[in-house]
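Q: Fold the stuff below for me.
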Amino acid sequence: MTLYSCPITISKEMKPSSQHFLATIYKIWMLRYVDVPNDVGLALAKEYRGRARGNRKRSKPNHVPVIAMVNGGSTRTTLVPAGGGRYRLQFNVTLRKATQADVGDVVGVTLKLDFQSRALPIPLEFEAALKRNRTVRREFNQLPPGLRVQLLRMLLKVKSPEVLYRRIDRTVEVLMARALRRSTRRSRKISVAPKKRA
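A: The predicted structure follows:
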């Protein structure tokens, strides 16, 4: 099995500092979020950028992996951009159950950086399919991290080999279709490009 992970190493004596704040839960579509105060978000982003040695970017990171804790409940999650240089945190079911809170409620949240790998193993059968087809491998590697994790979870929870092979075949079809759509869009852009006047 292959693990996809990012090249982040931190020394053993470094322990991420905790940031605590109060926030009101709000809803975007079906998901609940809380806004992370600007000073908390910037402090976590700065600490993450400083401790992630493999991270060559000097600018503020778009996504910051954290452990969110409320009332004894905790979950591994990620701070995501909220616009204007700010971050927001998805207030998922684990956190809502721990606080027994929902939209409109004010909650106390503690955030701590999370440097543990979130990589999932790739089933050997799917790894073989990726090795057989470069296009499929490229599409898989270009998937957003959340979609890649969701796809791997779908493959890892299968118990019977027959179902696994059916899901791998379907996944390969979907990835090939994505590659075809991408190349079709590229060729349309090239053909629609304005012609230079002589």
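
Q: which strand in the chain runs the most residues?
A: strand 73-83 (DSSP state E).

Q: what does that one contact?
A: Residues from elsewhere that reach strand 73-83, judged by CB atoms under 8 Å, 6 or more residues apart in numbering: 35-36, 41, 44-45, 62-68, 87-90, 92, 94-95, 97-99, 111, 114, 116, 118. No exception for glycine: its C-beta is placed from N, CA and C like everyone else's.

Q: Kindly recompute the last result at 7 Å.
A: Strand 73-83 is contacted by residues 35-36, 41, 44, 62-68, 87-90, 92, 94-95, 97-98, 114, 118 when judged by CB atoms under 7 Å, 6 or more residues apart in numbering.

Q: Output the helix or strand just after that strand as CSV, nothing but the C-alphas.
A: Where DSSP states H and E defines the elements, the next helix or strand beyond strand 73-83 is strand 86-90. C-alpha atoms of strand 86-90 as CSV (Å, rounded to 0.1, in the frame of the first residue of the first chain):
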residue,chain,number,x,y,z
ARG,A,86,-9.7,35.3,7.3
TYR,A,87,-10.4,31.6,8.1
ARG,A,88,-13.5,29.6,9.0
LEU,A,89,-13.9,26.2,10.7
GLN,A,90,-16.5,23.7,9.8
